[in-house]
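got a predicted model here, sequence first, then my questions.
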Amino acid sequence: MKKGIFLILSVLLVGFGLQSPAFSKQKNFVVSILSMIRSMPDSFLEMNPGISRRTITLQHDDGRKVKVSVWTPGPMVERKGLFRKRFVEYPLIVFSFGGGDCPFFLPDVIVNLVKERGYMLAVADHPDLVKICEIGKFGNIDLLKFIKGMASMPSMEDVTSEEAGSPPSLNTALTDLCGDRDAANGLCSYRSADMKLIIDELIKNNRRNNPILSGIGKINVDQIVVSGHSLGGHSAMGVAGANPLYKDNRVKGVLSIDSGSYIFEKRDIENVDVPVMMITSDESLLPAELQSNTDEVPHVFYSWLRSEKYFLSIRQLSHPGFVALSCSELTSSIAPGLDAGGACDDLGEKFGAIRQYSKAFLDHVLKHDQAAAEFLGETAPVSDWVKDYEYSR
């Protein structure tokens with residue numbers, strides 16, 4: 001059935017793509033659509049039968065609803081003898097996607113933590129004004145939204161051309177992306193509110209007599225971390241204390257992936273009081289034409305942190321390259337002009353280094369693992385792709 005749908009969509013997309021001027025702007029448009037369809041969550045679940053995914057809808061006190069995609073890494077119940085059972089409690093990662101992306105744009109390290117390390121993952125479908133896709137009616141990617149988003153996405157050449165004029169200010173760009181929703185509490189702060197709501201609701205689910213009726217299972221309330229890519233890293237830092245209105249004391253650490261935390265001021269970053277691992281690259285977060293301040297580099301914000309902290313820089317990995325789950329055309333289609341960071345083999349080695357450090361960080365912070373702490377205490381890089389690694393405890 002799925003192969004038949006894929007074939008029909010292939011024919012339709014090629015036909016429309018050849019005729020539509022908007023579609024023809026994207027040289028890899030059709031390829032990227034087909035790549036996304038191939039990598040839809042159902043395919044991932046088919047290849048990893050122990051993992052389940054469920055979409056739930058949560059509601060804020062003001063009535064605003066948000067869809068959340070929850071990935072459970074294994075069985076919700078373990079049998080203890082013939083009649084006894086116990087509910088399995090999983091460590092939780094609450095993840096926030098980058099600006100313009102959606103809950104299906106997950107960095108390799110996050111997918112690996114679910115697949116290989118047994119973490120439950122929850123991702124809110126933030127109501128950004130501009131994003132390339134969203135959770136559809138049946139929990140998978142909304143294909144129509146994705147097709148429209150890809151067709152209207154300007155190329156990097158368009159954005160940085162002389163005809164485009166001066167690049168927008170950071171505040172203007174964020175206002176265009178997030179609007180004025182909850183702006184009094186900080187630009188895009190509703191994203192941090194979404195993350196905190198997820199933690200609240202999953203803990204409530206734990207208290208049910210039979211929590212697996214939700215189709216989610218239980219979390220370990222003592223093993224909760226927040227993470228995010230790009231603007232999502234900013235959202236995660238807000239929950240960790242950078243935005244006091246949404247600080248959640250149940251969060252034990254932050255995994256920040258090429259983050260946009262520079263939205264915060266120094267005094268905000270200093271309020272973060274949990275361990276943080278900042279993962280970035282030696283390539284610019286944005287092309288030079290879009291940078292308003294050359295001092296806006298990740299290491300500056302690392303230096304502002306007063307809590308236990310770790311800084312990892314990977315060589316030659318572009319900003320969108322962090323979410324290249326496979327070596328496909330998808331990443332270059334999201335941001336034309338920015339590659340995925342090299343050949344497939346190189347990309348795999350870079351992701352391997354990120355996985356090693358991230359696993360050690362989480363094992364240290366959540367499980368108090370001595371071997372992980374010793375690994376993090378070694379300053380010698382584990383790979384030639386590691387440009388810089390440092391820490392402060």
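Yes, it's here.

tell me which stretches of the stretch 251-393 of the chain form helices.
266-269, 298-304, 330-334, 344-367, 370-376 (DSSP state H, counting those that start in this stretch).

same thing with the stretch 51-200 of the chain?
Under DSSP H, counting those that start in this stretch, the stretch 51-200 of the chain gives helices at 108-115, 143-152, 156-160, 170-178, 190-206.

those: lowest mean pLDDT?
Ranked by mean pLDDT, those bottom out at helix 156-160, with a mean of 43.

close enough to count as contact, F361 and M278?
No: judged on CB atoms under 8 Å, F361 makes no contact with M278 at a distance of 10.4 Å. C-beta coordinates here come from the backbone N, C-alpha and C atoms, glycine included.

mutual contacts of the two, please.
Y310 (CB atoms under 8 Å, 6 or more residues apart in numbering).

of those two, which one has the most company?
With neighbours defined as other CB atoms under 10 Å, F361 and M278 compare such that F361 has more, 26 against 23.

for that one, which non-adjacent residue is spatially closest?
M277 (4.5 Å; CB to CB, 6 or more residues apart in numbering).

my guess is that neighbour contacts L312, does it?
Yes: using CB under 8 Å, M277 is in contact with L312, at 6.8 Å.

which residues do the two both contact?
Y357.

mind checking which of those two has more residues around it?
M277 (27 against 22).

give me the pLDDT for the more buried one.
97.

give the contact list for it.
By CB under 8 Å, 6+ apart, M277 lies in contact with 253-256, 309-312, 357-358, 361.

could those go into TSV alongside pLDDT and distance to L245?
TSV is the format used below for the contacts of M277 (pLDDT from 0 to 100; distance: CB to CB, whole Å):
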residue	pLDDT	distance to L245
G253	98	20
V254	98	17
L255	97	22
S256	95	20
K309	97	23
Y310	96	27
F311	94	27
L312	94	29
Y357	96	31
S358	97	28
F361	98	27
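
closest to A193 out of those?
Nearest to A193, judged by CB to CB, of those is V254 at 16.7 Å.

quick check: bridge partners of that closest one?
Bridge pairing for V254 (DSSP bridges) gives the partners V226, V276.

separation between it and E134?
Look at V254 and E134: by CB to CB, to the nearest Å, they are 25 Å apart.

could you dump the helix or strand hosting S235 to CSV, C-alpha only?
Using DSSP states H and E, S235 falls within helix 231-237. Extracted in CSV, the C-alpha atoms of helix 231-237 (Å, rounded to 0.1, in the frame of the first residue of the first chain):
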residue,chain,number,x,y,z
LEU,A,231,16.4,28.0,18.0
GLY,A,232,15.3,24.8,19.8
GLY,A,233,18.5,25.1,21.9
HIS,A,234,17.4,28.5,23.0
SER,A,235,14.0,27.0,24.0
ALA,A,236,15.8,24.3,26.0
MET,A,237,18.0,26.8,27.8
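
quick one, what contacts M278?
256, 259, 298, 301-302, 309-312.

and the residues you listed as TSV, adding distance to Y119?
Converted to TSV, the contacts of M278 look like this (distance: CB to CB, whole Å):
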residue	distance to Y119
S256	16
S259	19
P298	24
F301	25
Y302	24
K309	21
Y310	18
F311	22
L312	19
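
ok, the closest residue to S230 other than its chain neighbours - how many residues close by?
Nearest residue to S230, sequence neighbours excluded (CB to CB, 6+ apart): G98, at 3.2 Å. Using other CB under 10 Å, G98 has 26 neighbouring residues.

G98 is in contact with V323, isn't it?
Yes: applying CB under 8 Å as the test, G98 and V323 come out as touching, 7.3 Å apart.

determine the residues that are contacts of both of the two.
What both G98 and V323 touch, as defined by CB under 8 Å, 6+ apart, is the set 105, 229.

just to check, E89 is in contact with N220?
Yes: applying CB under 8 Å, one finds E89 in contact with N220, separated by 4.3 Å.

in this structure, what spans have low per-residue confidence?
1-49, 79-84, 138-171, 260-262, 284-297, 324-346 (pLDDT under 70).

how about the strands in it?
Along the chain, counting by DSSP state E, strands occupy 52-59, 65-72, 77-80, 84-87, 89-96, 120-124, 218-229, 253-257, 276-281, 309-314, 386-392.

closest to N209 out of those?
Nearest to N209, of the strands of the chain and by CB to CB, is strand 84-87 at 10.5 Å.

in the closest one, what's buried?
Buried residues in strand 84-87, counted by 16 or more other CB atoms under 10 Å: none are found.

what does stretch 122-132 give?
Neighbour count says stretch 122-132 has 122-128, 131-132 buried, by 16+ other CB under 10 Å.

residues near the nearest residue to V221 once chain neighbours are set aside, how many?
Spatial nearest neighbour of V221, chain neighbours left out: I203 (5.9 Å); criterion: CB to CB, 6+ apart. Using other CB under 10 Å, I203 has 15 neighbouring residues.

I203 and R250, how far apart?
Counting by CB to CB, the gap from I203 to R250 is 8 Å.

intersection of neighbour lists for those two?
V221.

what sits closest to R208 if chain neighbours are left out?
S214 (7.3 Å).

before we move on, what about F375?
In space, F375 is closest to A360, 4.5 Å off (CB to CB, 6+ apart).

for the one you found, grab the count of nearby residues.
A360: 22 neighbours (other CB under 10 Å).
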